[in-house]
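*Asks:* Structural data only, the sequence is not supplied:
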């Protein structure tokens, strides 16, 4: 039995969960609303302030979906109450970030600047020119937005220059050995 799938989800006060037809789950909270369609084999039920996911049998697909469904539901509940954020750091001489209105301007050593607009409930915060914080209620969207920013100039192993996650450790390589 899935250890993660068996754990009940505690629904905090102020969060409203609606389970519709074909496992269409809507979670409303203080930070916003998230809606997601889950597989019809999973049995999602709400009793009081707990949410449980039960699988019908031990088929391979149902075992795989059990823990996944529970994790996605928990991420939705946490997202509408606390939200998610990812921090990115910019390393390199002349590399910088700035927030202009609702867009993020990146100077990453190219001949042109890079502009990324806020969309889909994602917001950017730039406390200083070498740090970017991506905020949102959808965990997947926050991770995808941070990955797109990182992909504009991934960190390179020789000097460590580029855009990296704050908790990421870059494996450095030795340069030329010379004589």
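*Replies:* Structure received. This one's a predicted model, so the numbers in the text were calculated from it and none came from an experiment.
*Asks:* just checking, what's the longest strand in the chain?
*Replies:* strand 84-91 (DSSP state E).
*Asks:* now for that strand, which elements pack on it?
*Replies:* Judged by 3 or more Cβ pairs under 8 Å, 6 or more residues apart in numbering; DSSP states H and E, strand 84-91 is in contact with strand 131-136, helix 139-151, strand 162-165. For glycine as for every other residue, the C-beta is placed from the backbone atoms N, C-alpha and C.
*Asks:* Give me the contact list for the shortest one.
*Replies:* Same thing as strand 162-165. Applying Cβ atoms under 8 Å, 6 or more residues apart in numbering, the external contacts of strand 162-165 come out as 86-92, 95, 106, 108, 132, 146, 149-150, 152-156, 170.
*Asks:* From these, list just the buried residues.
*Replies:* Neighbour-count burial (16 or more other Cβ atoms under 10 Å) is assigned, among the contacts of strand 162-165, to 86, 88-92, 95, 106, 108, 132, 146, 149-150, 153, 155, 170.
*Asks:* can you map out the helices along this protein?
*Replies:* 3-6, 60-81, 139-151 (DSSP state H).
*Asks:* Quick one: closest of these to residue 176.
*Replies:* helix 139-151 (27.4 Å; Cβ to Cβ).
*Asks:* Now do that closest one: everything it contacts.
*Replies:* 75, 78-79, 84-86, 88, 104, 106, 116, 120-122, 132, 134-136, 163-165.
*Asks:* Any chance of the helices of the chain in a markdown table with mean pLDDT and distance to residue 41 as columns?
*Replies:* Listed next are these as a markdown table, based on pLDDT from 0 to 100; distance: least, Cβ to Cβ, whole Å:
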| stretch | mean pLDDT | distance to residue 41 |
| --- | --- | --- |
| helix 3-6 | 88 | 12 |
| helix 60-81 | 94 | 5 |
| helix 139-151 | 96 | 22 |
